[in-house]
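Novice: here is the input, now give the coordinates:
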Amino acid sequence: MKILVLEGDGIGPEIVAAAIDVLKATDHRFNLGLELETADSGLSSLEKNGSTIPEETWGKVTTADAVILGPADTAVYPAPIEGGINPSAKLRGGLDLYANIRPSKIRPGVPAHVEAMDLVIFRENTEGFYAVRNMHDGLGEFMPTEDMAIAVRRITRRCSERIARQACELAVQRRGLLSIVHKSNVLTMSDGFFVDICKEVASDYKLEVDEYFVDAMTALLVRKPDYFDVIVTTNLFGDIISDLAAELSGGLGLGPSVNAGDENAMAQAAHGAAPDIAGQNIANPTAMILSVGMLLDTLGIRHNRPELLEASKRIDKAVDAQLKEKGGRTPDLGGPLGTDAFGAGVAKKVKDGA
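Specialist: Residues are numbered from 1 along each chain as shown. Okay, here's the model as predicted:
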C-alpha cells in the first residue's frame, strides 16, 4: 500500500516527521506492508519547481493509495497563476475528498476547557462558501465594481446526500445521535435544502436526529459539549465549529482530521502551519499523529483489512498513554518535550503495546 507524504510549510516537516516515526513503528508492529514516499510540496517546492504542487507531485498523488499532507502557509503564497496552489484545496477538489471528518474528545492528562466531550464533526468538503470549490470554472466570488464584492454559494443534492450518509453510518455505530448544523433561518433555500436532504438520508437509519442554527451550536458546544455525538454540516460552518471543538478539548494541536472520498483519502491536521514557531522543535504533533491513525482506520474499512483497524486503535491508545504520562507532553500543554521526543515516545508505546 503506497502512501505519499507531502511535508508542507512552517511546522509541517517537524510534525509530519514525528507522525511518520509513529507510522513506521506501527507498520513494523502490525506488518502492514506500507510503502512511504515523500514528494515536493509547499514553499520549498515553489522555490525549487515554481509551484507548490508541481505536476510530478500531482502525478504521484493520483497514483497513491493515500496521502499525508502537512499544513500549508497559504497566507504568503503568490497567486495560483504564479505557482501558489493551495495544496489542501487542490487535493480535496482533485481527488473528490468530500468528507472532512474531525473528531474532538477529552484526552487524559490534557488541560481541557470542558469536563467531557467525545464528538465527531462531518464537514462537507467540496462546495459551500469556499470560492475555489464551488464552480466548474473560475471562482465563486467576484467584484462587479471596486466597491462591491459578491460571493456565490453552491449546495447540491449529490454532495449533501453523500456527506449525510457518511455521518449517519458512523452515528449508528456510536450513540445514535445525529445533529444537523445550519443557518436556514436566513439562508432559507440553500441551508433549507441541505437540512431536508440530511433528514431524508437519516430516515434510512435508526437514529435520533436534531438540528441547530450554527450560532446556537457555538454556544451549546461550550455549555453542554458532552451531549453531542455526530454532527453534520456544510463546509464553512464545519470549518469554524470544528476549530471551536478542538480548542475546547485542549487546543488545535490536538485536532486531527481525515479527508475521505469514495476512492481516495488524506490525513491532515486541522490546524495551520504556525510559521512563528517553525524550526524550534516545540510544535505539538498530536493532531498529525492522530490524523495518520484515522487514515489507517479509513483504509482498513475500505480494503477490509482488520490489521489496519487494529493499528489505528493502537496509535490512539499510545497517544493517550503519552499525554497521560508525567512530563510526556509538549510545551503548549505544559510539558517539556520537543516535537521529535513526543513522536518518539508515542512510537515506543506503539511498539511496546501501550
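
Novice: give me the element residue 198 is part of.
Specialist: helix 190-202 (DSSP states H and E).

Novice: what of residue 59?
Specialist: helix 55-63.

Novice: OK, contacts around the closest residue to residue 197 other than its chain neighbours?
Specialist: Leaving out its chain neighbours, the residue that sits closest to residue 197 by Cβ to Cβ, 6 or more residues apart in numbering is residue 160, at 4.1 Å. The way it works is simple: take the backbone N, C-alpha and C, and place the C-beta from them, glycine included. Counting by Cβ atoms under 8 Å, 6 or more residues apart in numbering, residue 160 touches 124, 193-194, 197-198.

Novice: need the max-distance pair from these.
Specialist: By the measure Cβ to Cβ, 124 and 193 form the most distant pair in these, at 12.4 Å.

Novice: neighbour count: the two, which is higher?
Specialist: Set residue 124 next to residue 193 and count neighbours by other Cβ atoms under 10 Å: residue 124 wins out with 28 against 17.

Novice: where does the nearest residue to that one once chain neighbours are set aside land in three-state SS?
Specialist: Closest residue to residue 124 apart from its sequence neighbours, by Cβ to Cβ, 6+ apart: residue 163 at 4.3 Å. Following DSSP: H, G, I helix; E, B strand; the rest coil, we place residue 163 in the helix state.

Novice: my read: residue 163 touches residue 232, true?
Specialist: Yes. Counting by Cβ atoms under 8 Å, residue 232 is a contact partner of residue 163 at 6.2 Å.

Novice: could you tell me which residues touch both of the two?
Specialist: Any residue near both residue 163 and residue 232 by Cβ under 8 Å, 6+ apart counts here, and that gives 122, 124.

Novice: who touches residue 235 in this structure?
Specialist: 123-130, 133 are the contacts of residue 235 under Cβ under 8 Å, 6+ apart.

Novice: tell me which element the residue nearest to residue 197 is part of?
Specialist: helix 157-171.

Novice: distance between that helix and the chain's centre?
Specialist: 17 Å (Cα atoms, centre = their mean, to the nearest Å).

Novice: go on, stretch 4-20?
Specialist: Counting by Cα atoms, centre = their mean, stretch 4-20 comes out at 14 Å from the chain centroid.

Novice: could you pull out the strands for this protein?
Specialist: In the chain, the strands defined using DSSP state E lie at 2-6, 35-38, 66-69, 99-105, 118-124, 141-145, 148-151, 177-182, 208-213, 230-233, 258-260, 265-268.

Novice: right, I'll leave it there.
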